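**Q** Sequence plus the predicted model coming up.
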Amino acid sequence: MNLATAAPESVTRPTPPRRSRSELVVDGFVVAAVVAVVVVGLSTERFATLANARAIITSASLVGIAALGLTLIMIGGSAVSLAISQTVAASGMVFLSAQSLGLVPALALAVVVGTAVTGLQGAVVGYAAANPVVLTIAASFAIAGVATGVTGGVSVSPSARGYDHLNATPGGVALSAYVLVVLTLTVEWVLRRTAFGRSLYMVGENRVAARAAGMPVGRTTTAAWLGAGALFAVTAAFTAAFNAAANVNLGGTLTFDAIAAVLAGGTPISGGRGSALRTLAGALLIAAVSDILLLRGYSTGVQVMVKGLLVAAVVVLVHLRTQERHP
Amino acid sequence: MQQRLTPGQSGPSTRTGVDLVRVEGLTKSYGSTRAVRDASFAIAAGEIHALCGHNGAGKSTVVKMLSGQESPDGGTISIAGEVVDLRSRQVAQRHGVSLVDQELSVVPALTVAENLVLGDVRTPWVAPARRSTARLRSLLDGVGLDHLRLGLPLADLGIGERQLIEVARALGQDARLVILDEPTATLSDVESEYVYASVRKVAAAGCAVLFVSHRLGEVLALCDRVTVMRDGGVVATTPAGELSIDSLIHQMLGEAPALPDRRVRTRENAVIVLDVEALTVPGRVEDFALEGRAGGVYAVAGQLGSGASDVLRAVAGLVPDADLSLRVDGAPARIAGRPGAAARAGIAFVSNDRKAEGLFLDKPISWNLLATRLGALAPRGVVSRRRWTSALARLLELCGLDPERAGHAVGSLSGGNQQKVFVGRCLDREDVRVVVLDEPTRGVDVGGRAAIHRLLRDAADRGVVVLFSSTELEELQDLADVVITMHKGRVVGTHRGDTAGAVLLREMTHGRTEDEVLPAGSMDGRAR
C-alpha cells in the first residue's frame, strides 16, 4: 500500500503536457513496472502488513528529508551537492553537543550550521557560477576536516537527554516520518505557489536566459541551497538522536542515497523540472523495493545492486519521455 | 521546366520519374493542435523548391518530419519512388536527407574540419587524415570560405561564417535532398550570395533542394517552384516565374498584409527617458551616444560585426567590459555586466538568440510571459492566483495568442509565436521604461513581423522607449522613428525613419564615404 503512493499517478509536474503515443508507451511501461512491484510485494510474506508499512516509511524518512533538500538544488539547475553526508555529520555533532541548551535551541543551532555551510556553497554557485560538483567535493573535505579537528576525532556524546524526544514513535510510526510528510507538503507548496519556486524552475531550466531577463539568478540559487541546508540539518538531528552519538561518519552513504531517491522520483539532474512529491515517491519506492528484497532473504549486496538498477531504469525512462516531448 | 528533366540529365541518384521527393497527405498534431494537415507536394531532382508561409503555417513541422526529427501522424514521404520511414536524423541522413538548421548546430570548441564531419553517419571511426583534408578543402571553397584554415577553432569565426560552415557540412553529405531552413537569416548579402551559389551547384548536380525562407525576394530569384503553406495546409505550388512578391504574400496571408501606419513624428519636446553617453566596448564599439525620448522608436542599423548588437547588449547590462554612462528617467545606473541592475533600472531585453538566451522552452507560455514580473504578481512572495490570471489574460490578448494554449510548453509554438511571447514578456509592465530588442523579428514571417511591429509601436505610444537593431531596410523604415547606422563599431549617421533605403544600406555596408556631401546628403533627413 505504500507502493500506491509511489505510483506515477501521485507524481505531479509543474506543467500538464499533452501526451503523445510514445509517451503513453513509456507511461505504460512505468505502470506495468509498478504493478509488477506491487504483485511481487503482495506475494511476499509479511510485506502487506501495517508493521511493514511503518518500517518502510521509517526507513525512507531520513533519506527522504535530505533528498527534499537535494530536490531544491537539482530543480535549480545546480545538479547535486556531494557534501550532504559531511554537512549532516557536522550539524549532527553540533546538535548533540548543544543538548545542554535544550532541545529546541540545539535544533535551531544545528539548522543554522547546516544552512550557513550549505548556503555559502550555494552563493558561490549562484553568484560566481562555480561548478557545484567540484565545489561540493572540496566542501565535503573542508567540512569533514574542520569537524575532525574540532572534536579531535572522537565521537560527540549528547550533553543532555532532550534529543530523545526525536526518537518518539507516535502511533507506532517514527516522528521523522511525520516530519517527512509535513516537509514534503511544505516544499511542494513553496515550489508551486511562491515566486521563488517558479523562478527556481526557470533558473534551473535556462540560467543564461534567466540572467538575460534580469531575474535574480544568484539570489534564487542561494535561497535554494539555504533551504537545502536547513533540510540537511533536520536529517542530521534525527540521525544523531537515533544514534545518540555523532562523529564525522554520521552521514554514512546519505549523499548517494539522497541522490538516488531524487533520481528514482524522476527528477532530471539537468534541472528545471521535478517536485517534492516525486522525491517522496522515489524515497518510498527505494525503501519498498529494499524491504521486499530483505523479506525475501536477499543479501545487502543484492539490495544495493537493485537500488542502482532502479535508479538507472528511472533515469532512462525520464530521459525517453523528455526526448519525446522535445525532439 | 524542371518537370521535363529526364533521368539522364538529373544525375545518377534518380532512377525513375521526375519527382525525387514526394510528400503525400502529411499530417501532424501536437495535442489538439493540428500543426500540419494533409500536406502534399513534390520536389524534382535538380529543382530548388521553396517552402513559404507565415507564423505557425507548418513549415518547420514539415521540415522536422522530412529530416527525421518528428514522425508524421499520417501520410507518406517517398524518396526516389520508395516510401521511407524517417525515424531519426541518422535514418534520414542514410536516406540522403541533409538539413541546414534554422538554429546553428555547429560546435564552437571544435575545429572547422571537425565541424564539417560532425554528425556525418558515413564518417569511419578512424579516418585517414590526408584523403579527407582534400575533400573538406573543396567543401569550404564551395561556400566561399577558401581563406579559412581547417584547423581553426570555430570559436574564432563570426556567426555568418559559422552558418556557411553548416551549409558546407550539409552539402558534403552527398545528399539527395538538401533542406535549408532559413540559411541566410543571419548572413550578410555577400555571404548569402555564397549560399545561393552553393545551392545552385548542388541542384545542378541532380539533388533536390528544399529552401525555407522569409526573404521573399531571394525565394523568387533563387527557386524554381514555390509551395506556400497556411494554417497547416498547402495553399499552392506555383512556378516562381509566375509569382510576384505581392502575389506570394497574398498566398501566404490570404489577404493583403496590413502594414502599420508609418508615423514620422517629431519628438523633440518629449522627455528624455534613456540617456546613453560615451558607450565603448573595447574592440567592438566606439563612443556611441543616444538620447531616447518617451514614445520614440530608435533603431541601430548595422550588419553583423558593425557593433549594433553590442550596443544593445551593453545597454541591457550583458557586456562586462562595456564602459558607458547611462541614465533612465534621469537616474544614473551602473549596469555594465549586471543585467539584474539594468532590469531594475527599467530596461527589458529581447535577445537575438531566443533559444539560448530567451525563453524557457520547456515551461508553459504563461510562465514565460510572466517570468519577469513575478514580484508584482506575488505579494509577500506567494503568487496571487487572481493577479496571475488577470495579468496573463491581458498579455495573451495583447500579443494575440490563443488562451487555450497558455498551458502548453512554449517550445511547441512556431518560431513567430515564440517571438511574440518573448516580446510580450517586456510589455504592459509599469516598471519597464526601455525595451531593447536585438533583431526583434529574426526568422519571423511577414504576418508575425507586422504583429510584433504593432506591439512595439503601441508600447512606444504608451511612453516607453523602444530601441532595436536590425539589418533589414523594410523593418527599419516601417518601425523606426530614428535610425542610427553603424559600421565597424562607429556611428555613421542618424536619420529619420523616412530616409531612403539606399542611403541606409550604403552607410551600413560601406560606412561614411569621403565625399558624403554628394547625393547621400540630399536624400537623408539627418537629424544632427
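**A** Yep, it's here.

**Q** where does the closest residue to B:Arg293 other than its chain neighbours land in three-state SS?
**A** Nearest residue to B:Arg293 in three dimensions, chain neighbours excluded: B:Ala270, at 4.0 Å (Cβ to Cβ, 6 or more residues apart in numbering or on different chains). C-beta here means a position set from N, CA and C on the backbone, and glycine is covered the same way. Put simply, B:Ala270 is coil when judged by DSSP: H, G, I helix; E, B strand; the rest coil.

**Q** Can you report phi and psi for B:Ala270?
**A** Phi and psi for B:Ala270, reported as degrees, to the nearest 10, are phi -70, psi 160.

**Q** ok, it to A:Leu254 distance?
**A** Applying Cβ to Cβ, to the nearest Å, the value for B:Ala270 to A:Leu254 is 62 Å.

**Q** Between the two, which is the more surrounded one?
**A** A side-by-side neighbour count of B:Ala270 and A:Leu254, using other Cβ atoms under 10 Å in any protein chain shown, places A:Leu254 first with 24 against 15.

**Q** tell me the contacts of the closest residue to chain B within the stretch 201-327 of chain A?
**A** With Cβ to the nearest Cβ, the shortest gap between the stretch 201-327 of chain A and chain B falls at A:Gly214, namely 2.3 Å. The contact partners of A:Gly214, taken as Cβ atoms under 8 Å, 6 or more residues apart in numbering or on different chains, are B:317, B:339-340, B:342-344, B:347-349, B:372.

**Q** quick one: which of these is nearest to chain A?
**A** Closest to chain A out of these is B:Ala343 (2.3 Å), distances taken as Cβ to the nearest Cβ.

**Q** residue ranges with poor pLDDT in chain A?
**A** Low-confidence segments of chain A, defined by pLDDT under 70: A:1-23, A:322-327.

**Q** Show me the helices in it, by range?
**A** A:2-6, A:21-42, A:50-75, A:84-97, A:103-128, A:132-151, A:175-193, A:195-205, A:207-212, A:217-243, A:254-264, A:276-295, A:300-325 (DSSP state H).

**Q** Output the fourth one as CSV, nothing but the C-alphas.
**A** Read it as helix A:84-97. Taking C-alpha atoms only, helix A:84-97 is exported to CSV below (Å, rounded to 0.1, in the frame of the first residue of the first chain):
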residue,chain,number,x,y,z
ILE,A,84,25.4,16.0,2.1
SER,A,85,26.9,13.4,4.4
GLN,A,86,29.6,15.7,5.8
THR,A,87,27.1,18.5,6.3
VAL,A,88,24.8,16.1,8.2
ALA,A,89,27.7,14.9,10.3
ALA,A,90,28.7,18.4,11.3
SER,A,91,25.2,19.5,12.0
GLY,A,92,24.5,16.3,14.0
MET,A,93,27.6,16.9,16.1
VAL,A,94,26.5,20.5,16.8
PHE,A,95,23.0,19.2,17.7
LEU,A,96,24.2,16.7,20.2
SER,A,97,26.9,18.9,21.8
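
**Q** name the helices or strands packed onto it?
**A** helix A:50-75, helix A:103-128, helix A:132-151, helix A:217-243, helix A:254-264 (3 or more Cβ pairs under 8 Å, 6 or more residues apart in numbering or on different chains; DSSP states H and E).

**Q** mind exporting the shortest one as CSV, just the C-alpha atoms?
**A** So that's helix A:254-264. Provided in CSV are the C-alpha atoms of helix A:254-264 (Å, rounded to 0.1, in the frame of the first residue of the first chain):
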residue,chain,number,x,y,z
LEU,A,254,23.5,9.6,2.8
THR,A,255,24.8,11.7,-0.1
PHE,A,256,24.3,8.9,-2.7
ASP,A,257,21.1,7.6,-1.0
ALA,A,258,19.6,11.1,-1.3
ILE,A,259,20.7,11.4,-5.0
ALA,A,260,19.2,8.0,-5.7
ALA,A,261,15.9,9.0,-4.1
VAL,A,262,15.6,12.2,-6.1
LEU,A,263,16.5,10.5,-9.3
ALA,A,264,14.2,7.5,-8.7
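
**Q** Having no further points to raise, I will conclude here.
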